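Colleague: build me a model from this:
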Amino acid sequence: MQQRTGAATSSSAADSGKGATDHPHPSRRSDDDGDGGGGNSCSGDPAAISTTISSKQQVEQADAREPKEEQVAIHYLASFHELCVVTALLPLVTLFTCFVTAYVFQYDDVHETHCRVYNIVPSISAITGVSPQRYFWRISIALHIGPRIPIAFVYKNYYRSQLRRLNPAQVPQTSLLITLILVLNCIEVASLAGVTYISNRENYPIHERIFITFMVCSLCYMLATIKLNDILNKGQSLSEQQRLSIKWKKILFAISILSTVGLLVFFAKHRFYCHDLAFSWFAFFEYLIAIANMLFHFTIIWDFPSQFLMIVQGPRENLAQYLSNRPKVD
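Modeller: The predicted structure is shown next:
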């Protein structure tokens, strides 16, 4: 009996010791909960919190310094074909209007010449030198000249894009011819402005010299353009529009040459001999030359049938890269 009681006492004591081991000191449990209860070992460390905030600020500053990609925006889009049609027809319509109104309402003024002989056809300088036709014609030419310079450079780039068709030995001379065409075109435009804004009544010697410059540059431009097209299109299959363009360029150049010969002959008869109707024939050939020149430039409608003119805003690097890698026009 005593042995059994002692065993039971020993067992109870062992159980009590075990219970004491399973339940640690309350203050120790509090420390453990403080370390792991929140799931963040540095939540209570001020230095760690400061480091985290500083890292976030650096990331935000780096994002702010990083340049944002600029979007490409098209501010203006116009049909290049329609622009060329308006540009070519504007002086033609204006010339016809000036002729009719001056002939009907200012007959005596536009037929006056230094010879004072019979005359039935007034010159272009006469019908565009009286008022109000003078202002109408000058406004028309101002609107006409504006697009002419960009068109000249469009033609230059258009021709240069076709140089890859040629034998490498032909490229330098052809490139020089393209530059010559650009220069002649710009001089022709400048001469047209000079003839328009310096009338024969205001300063006849200067007007005459500028008119001669216009005539020479216009004929040389036509001839050089025809020659260039023959070089670039030799052995190529052309579309119907391209064939029409080349055909009419040659026809209009021939008309201009013949009209120039007739103009010089009758100008001499009028200037030195004062023949009757000599000035009328001179004016007639002058109109033919002007109309042929306008129609020659009008053939651009076949050269650029579906192009567009755009004003684009965007990163210069992206636009420059696009222009350098743009597809070539055949």
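Colleague: what ranges do the helices span in the stretch 201-330 of the chain?
Modeller: Applying DSSP state H, counting those that start in this stretch to the stretch 201-330 of the chain gives helices spanning 204-232, 240-268, 278-298, 300-303, 316-325.
Colleague: okay, these, which one's buried deepest?
Modeller: helix 278-298 (a mean of 21; mean count of other C-beta atoms under 10 Å). From N, CA and C alone the C-beta is placed, and that goes for glycine too.
Colleague: how far off helix 204-232 does it point, in degrees?
Modeller: Between helix 278-298 and helix 204-232, the angle comes out at 40 degrees (axes from the mean of the first three to the mean of the last three C-alpha atoms, to 10 degrees).
Colleague: which residues are contacting helix 278-298?
Modeller: For helix 278-298, the external contacting residues (C-beta atoms under 8 Å, 6 or more residues apart in numbering) are 84-85, 87-89, 91-92, 95, 113, 115, 117, 119-124, 126, 215, 218, 222, 248-249, 252-253, 255-256, 259-260, 262-263, 266-267, 269-270.
Colleague: then stretch 132-148?
Modeller: Against stretch 132-148 from outside (C-beta under 8 Å, 6+ apart): 83-84, 87, 90-91, 94-95, 97-98, 101-102, 127-128, 185, 189, 192-193, 196-197, 199.
Colleague: chain center to stretch 103-110, what's the gap?
Modeller: Taking C-alpha atoms, centre = their mean, to the nearest Å, one finds stretch 103-110 lying 42 Å from the centre of the chain it belongs to.
Colleague: any stretches of the chain with poor pLDDT?
Modeller: 1-72, 318-330 (pLDDT under 70).
Colleague: okay, now the closest residue to residue 156 other than its chain neighbours: neighbour count?
Modeller: In space, and not counting its chain neighbours, residue 156 is closest to residue 182: 4.7 Å by C-beta to C-beta, 6 or more residues apart in numbering. Residue 182 has 18 neighbouring residues, counting by other C-beta atoms under 10 Å.
Colleague: make 49 the first number, not 1, from now on.
Modeller: Renumbered: residue one is now 49, and that last one reads residue 230.
Colleague: tell me how far residue 230 lies from residue 269.
Modeller: 10 Å (C-beta to C-beta, to the nearest Å).
Colleague: same thing with residue 276?
Modeller: 11 Å.
Colleague: quickly list what's touching both of the two.
Modeller: residue 229.
Colleague: of the helices of the stretch 249-378 of the chain, which is nearest residue 358?
Modeller: helix 364-373 (10.9 Å; C-beta to C-beta).
Colleague: what sits against residue 232?
Modeller: 265, 268, 269, 272.
Colleague: okay, these in CSV with distance to residue 121 next?
Modeller: As requested, the contacts of residue 232 are exported to CSV (distance: C-beta to C-beta, whole Å):
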residue, distance to residue 121
265, 39
268, 42
269, 37
272, 39
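Colleague: what comes into contact with stretch 139-155?
Modeller: Stretch 139-155 is contacted from outside by 157-158, 170, 172, 174-176, 178, 181, 184-185, 188-189, 192, 335, 338-339, 342, using C-beta under 8 Å, 6+ apart.
Colleague: from those, which would you call buried?
Modeller: 158, 170, 172, 174-176, 178, 181, 185, 188-189, 192, 335, 338-339, 342 (16 or more other C-beta atoms under 10 Å).
Colleague: now, which of those residues lie within strands?
Modeller: In strands, defined here by DSSP state E, there are no members of the buried ones among the contacts of stretch 139-155.
Colleague: out of these, which sit inside helices?
Modeller: 158, 172, 174-175, 181, 185, 188-189, 192, 335, 338-339, 342 (DSSP state H).
Colleague: quick check: of these, which lies closest to residue 287?
Modeller: residue 342 (23.9 Å).
Colleague: quick one: residue 279 and residue 222 touch, right?
Modeller: Yes - look at residue 279 against residue 222 with C-beta atoms under 8 Å: they come within range, at 5.7 Å.
Colleague: overlap of the contact sets of those two?
Modeller: Contacts common to residue 279 and residue 222, judged by C-beta under 8 Å, 6+ apart, are residue 214.
Colleague: ok so, going back, for residue 127, state which of the buried ones among the contacts of stretch 139-155 is nearest.
Modeller: Taking these together and measuring to residue 127 by C-beta to C-beta, the closest member is residue 192, at 17.6 Å.
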